[in-house]
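In: The sequence and its predicted three-dimensional model are supplied below.
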Amino acid sequence: MKPLLVRALLGVTATLSAGSVFPASAQSPETPRAVFVTPSTPAEREIQSVGENAIDRLAVAMVNEVRGALASGSAEDAVDMCHLKGLSTEGGSLPGMPRISAVKLTSLKVRSPDNTPDDADKLALASIERTMATGDAPPKILLQRVTLPDSAPEWRVYKPLGLTTNCLVCHGNPADQSAALRAKLHALYPDDQATGYKAHEWRGLIRVTVSEAPTP
């Protein structure tokens, strides 16, 4: 597998082939149906754009905060900052981003149980993994529509995450970490799977849920 040559959230240019749809398998009538959609209408393109812009804003803020925490304190201090700062929504949306109703970081190797992928997330992660297994660059963005019977569709936008060298302080080789840092990580995340990474490897996905534009 070729390494993902991205610097946290930037730089991949491959796109989904036209008309690609990947349905979830073995679904009961009450199970959400999740498909990946290549935007073909103005509304779909607008939803993807809103989601991508929100992800970029969140990602830049996250990277800057981790960098600042490492510069002003110890690695253990940075862990405390990352642990306490969730990407939760307030009042149903993020401040300044009224159409973003949910945010999630997820991966095939999660650190916190809160980041465990749901069924629709698993489809997105599997799609990226299959693409990278062939040596191809993953898509820059995935647009997914999740539906339940008699419910409005939920639109999700995913973007692959790569690791910077700063990320390796807590996600790299445990042998390179101090005993204090390993103890802190174990105390906060006893079932931690997100270790042993190298710089610029694929870490997982950041996902936002985007509400449809209000009807004029």
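Out: Done, it's in.

In: mind listing the helices in the protein by residue range?
Out: Remark: helices assigned in the chain by DSSP state H are 42-72, 75-84, 119-133, 168-171, 179-188.

In: Can you add mean pLDDT and distance to Val146 and give these back as a markdown table?
Out: All C-beta atoms are positioned from the backbone trio N, CA, C, and that covers glycine. Formatted as a markdown table, those follow (pLDDT from 0 to 100; distance: least, Cβ to Cβ, whole Å):
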| stretch | mean pLDDT | distance to Val146 |
| --- | --- | --- |
| helix 42-72 | 85 | 13 |
| helix 75-84 | 68 | 28 |
| helix 119-133 | 94 | 5 |
| helix 168-171 | 86 | 29 |
| helix 179-188 | 89 | 30 |
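
In: And the ones you listed: which comes nearest Gly204?
Out: Closest to Gly204 of the helices of the chain, according to Cβ to Cβ: helix 119-133, at 7.1 Å.

In: Just the buried residues of the closest one, please?
Out: 120-121, 123-125, 127-128, 131-132 (16 or more other Cβ atoms under 10 Å).

In: what's the closest of those to Leu161?
Out: Ile128 (10.2 Å).

In: Quick check: the gap between the spatially closest residue to the closest one that is not a sequence neighbour and Pro160.
Out: Nearest non-adjacent residue to Ile128, counting by Cβ to Cβ, 6 or more residues apart in numbering: Pro138, 4.7 Å away. According to Cβ to Cβ, to the nearest Å, Pro138 and Pro160 sit 5 Å apart.

In: For Leu108, find the nearest of the helices of the chain.
Out: Across the helices of the chain, Leu108 has its closest neighbour in helix 119-133 (5.5 Å, Cβ to Cβ).

In: Show me what the closest one is packed up against.
Out: Using 3 or more Cβ pairs under 8 Å, 6 or more residues apart in numbering; DSSP states H and E, the elements in contact with helix 119-133 are strand 33-36, strand 100-106, strand 142-147, strand 154-162, strand 202-210.

In: what about dumping the CA coordinates of it to PDB?
Out: Below are the C-alpha coordinates for helix 119-133, written out as PDB (Å, rounded to 0.1, in the frame of the first residue of the first chain):
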ATOM      1  CA  ASP A 119     -22.500   1.300   9.800                       C
ATOM      2  CA  ALA A 120     -22.400   4.200   7.400                       C
ATOM      3  CA  ASP A 121     -19.000   5.300   8.600                       C
ATOM      4  CA  LYS A 122     -17.700   1.800   8.100                       C
ATOM      5  CA  LEU A 123     -18.700   1.900   4.400                       C
ATOM      6  CA  ALA A 124     -16.700   5.100   4.000                       C
ATOM      7  CA  LEU A 125     -13.700   3.700   5.800                       C
ATOM      8  CA  ALA A 126     -13.800   0.500   3.700                       C
ATOM      9  CA  SER A 127     -14.100   2.500   0.500                       C
ATOM     10  CA  ILE A 128     -10.900   4.400   1.300                       C
ATOM     11  CA  GLU A 129      -9.100   1.300   2.400                       C
ATOM     12  CA  ARG A 130     -10.000  -0.600  -0.800                       C
ATOM     13  CA  THR A 131      -8.800   2.300  -2.900                       C
ATOM     14  CA  MET A 132      -5.500   2.600  -1.100                       C
ATOM     15  CA  ALA A 133      -4.900  -1.100  -1.300                       C
END
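
In: Thanks a lot, see you next time.
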